[in-house]
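Asker: predicted model follows, preceded by the sequence.
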Amino acid sequence: GASYEHILTSSAKPGVGLITLNRPKALNALCSPLFTELNDALSKYDADKDIGAIVITGSEKAFAAGADIKEMAPLTFSSAYTNNFIAPWSHLANNIRTPTIAAVSGYALGGGCELALMCDIIYCSSTATFGQPEIKLGVIPGAGGSQRLTNAVGKSKAMELILTGKNFSGKEAGEWGVAAEIAGYSRVATVAAKEVVNKSQELSLREGVEYERRLFHGLFGSQDQKIGMTAFAEKKKPEWSHE
Ligand code: CAA
């Protein structure tokens with residue numbers, strides 16, 4: 001893949017774009033230059049019609065130990081505010097349309113946990129350790145943790161985790177198969193499926209159902225709908241167009 005300083009990119013399996021956070025000396029602490037590279041790599045994979053799923057991973061010891069505390073320590077309110085510190089991190093959640101998977105082993109703390117939560121699916125090894133320890137640094141989560149962790153585990157549990165900063169473990173073992181499976185489906189269908197599931201978080205049930213129906217109708221304008229349904233009737237495996 002392209003050459004970066006703080007990340008590695010490769011196409012692990014056909015159709016799967018793999019991004020490995022690679023700042024081992026700092027346990028993959030997410031400094032601003034790392035995020036610039038991550039966003040660049042995400043945009044490139046998202047624009048690549050041969051990539052159907054993106055996996056973000058770290059090392060065995062750390063997915064990411066958080067935002068870079070040494071970079072943040074001298075920040076002032078005015079510089080954080082005027083430069084909109086951390087805002088570029090939202091690129092993954094706001095702009096990337098390809099399904100994303102966080103494959104987590106070891107520490108996923110603070111911003112590392114928030115980065116995982118921004119992905120569509122989180123898979124973790126038995127050593128995966130999550131936490132929002134910002135309270136111990138005299139601050140609060142700054143990259144969506146108070147919102148997404150609450151959506152993921154409910155208000156009471158999220159409140160406890162964010163107020164105590166205590167770690168929690170991942171429940172499910174990592175499984176690469178899922179990314180390849182998603183990548184094997186119709187590109188237009190997976191992008192639409194991701195979009196409608198996300199809409200359920202923002203729209204009323206009635207609006208969400210209507211939104212889903214519109215997009216469902218739209219898919220009858222795709223080649224893959226014909227390919228998929230004809231293949232079923234002919235008892236064949238569909239060969240998606242990746243249009
Ligand atoms: N930022 C900068 N450097 C970090 C870092 C971070 N988040 N996490 C680890 N490092 C560095 C350490 O300073 C150390 O560097 P040196 O060798 O130069 O001293 C190196 O990585 C290895 O770390 P440790 O020696 O601490 O390793 P350990 O195995 O003893 O402990 C750990 C591992 C428990 C994860 C510990 O490193 C730790 O507590 N890290 C900080 C976790 C944290 O508080 N994260 C939240 C950050 S705030 C945030 O993310 C804000 C936000 O919401 C966006």
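Answerer: Yep, that arrived.
Asker: neighbours around Gly154, how many?
Answerer: The tally of other residues near Gly154 (other Cβ atoms under 10 Å) stands at 10. Every residue, glycine included, has its C-beta placed from N, CA and C.
Asker: near the ligand, which residues of the chain are found?
Answerer: Neighbours of the ligand within the chain, by Cβ under 6 Å from any ligand atom: 26-27, 29, 65-70, 86, 107, 109-111, 114, 133-134, 137, 141-143, 145.
Asker: quick one, domains of this protein?
Answerer: 7-177, 186-233 (automatic domain parsing).
Asker: distance between the ends of the last one?
Answerer: Same thing as domain 186-233. Terminal residues of domain 186-233 lie 17 Å apart, using Cα to Cα, to the nearest Å.
Asker: next SSE after the lowest-mean-pLDDT helix or strand in the chain?
Answerer: Sorting the helices and strands of the chain by mean pLDDT, DSSP states H and E puts helix 177-183 at the bottom, at a mean of 63. The helix or strand immediately downstream of helix 177-183 is helix 187-199, counting by DSSP states H and E.
Asker: which helices and strands does that next one pack with?
Answerer: On a contact count with 3 or more Cβ pairs under 8 Å, 6 or more residues apart in numbering; DSSP states H and E, helix 187-199 meets helix 205-219, helix 223-233.
Asker: contact partners of the last one?
Answerer: Contacting residues not belonging to helix 223-233 are listed as Ser186, Arg187, Val188, Ala189, Leu219, Lys237, Pro238, Glu239, Trp240, Ser241, Glu243 [Cβ atoms under 8 Å, 6 or more residues apart in numbering].
Asker: may I ask which of these comes out lowest in pLDDT?
Answerer: Within the contacts of helix 223-233, Glu243 has the lowest pLDDT, namely 75.
Asker: residues near that residue, how many?
Answerer: Glu243: 11 neighbours (other Cβ under 10 Å).
Asker: hmm, it is touching Arg187, no?
Answerer: Yes. The criterion here is Cβ atoms under 8 Å, and Glu243 meets it with Arg187 at 7.3 Å.
Asker: what does the average pLDDT come to for stretch 109-128?
Answerer: pLDDT averaged over stretch 109-128 gives 94.
Asker: strands of this protein, residue ranges please.
Answerer: Secondary structure of the chain (DSSP state E): strands at 7-13, 16-21, 53-57, 62-64, 100-104, 107-109, 121-124, 129-131, 168-169.
Asker: partner strands of the third one, parallel or antiparallel?
Answerer: The partner list of strand 53-57 in its sheet, established with DSSP bridges, is strand 16-21 (parallel), strand 100-104 (parallel).
Asker: what does the last one give?
Answerer: Strand 168-169 has the following strand partners under DSSP bridges: strand 129-131 (antiparallel).
Asker: which residues sit against the partner strand?
Answerer: 104, 106-110, 113, 116, 161, 165-170.
Asker: just the buried residues of those.
Answerer: Val104, Gly106, Tyr107, Ala108, Leu109, Gly110, Cys113, Ala116, Leu161, Phe168, Gly170 (16 or more other Cβ atoms under 10 Å).
Asker: of the residues you listed, closest to Arg97?
Answerer: Arg97 has its nearest neighbour among the buried ones among the contacts of strand 129-131 in Ala116, at 18.8 Å by Cβ to Cβ.
Asker: I'd say Phe85 and Leu75 touch.
Answerer: Yes. Counting by Cβ under 8 Å, Phe85 touches Leu75, with 6.6 Å between them.
Asker: between those two, who's got more neighbours?
Answerer: More crowded of Phe85 and Leu75, by other Cβ under 10 Å: Phe85, with 16 against 12.
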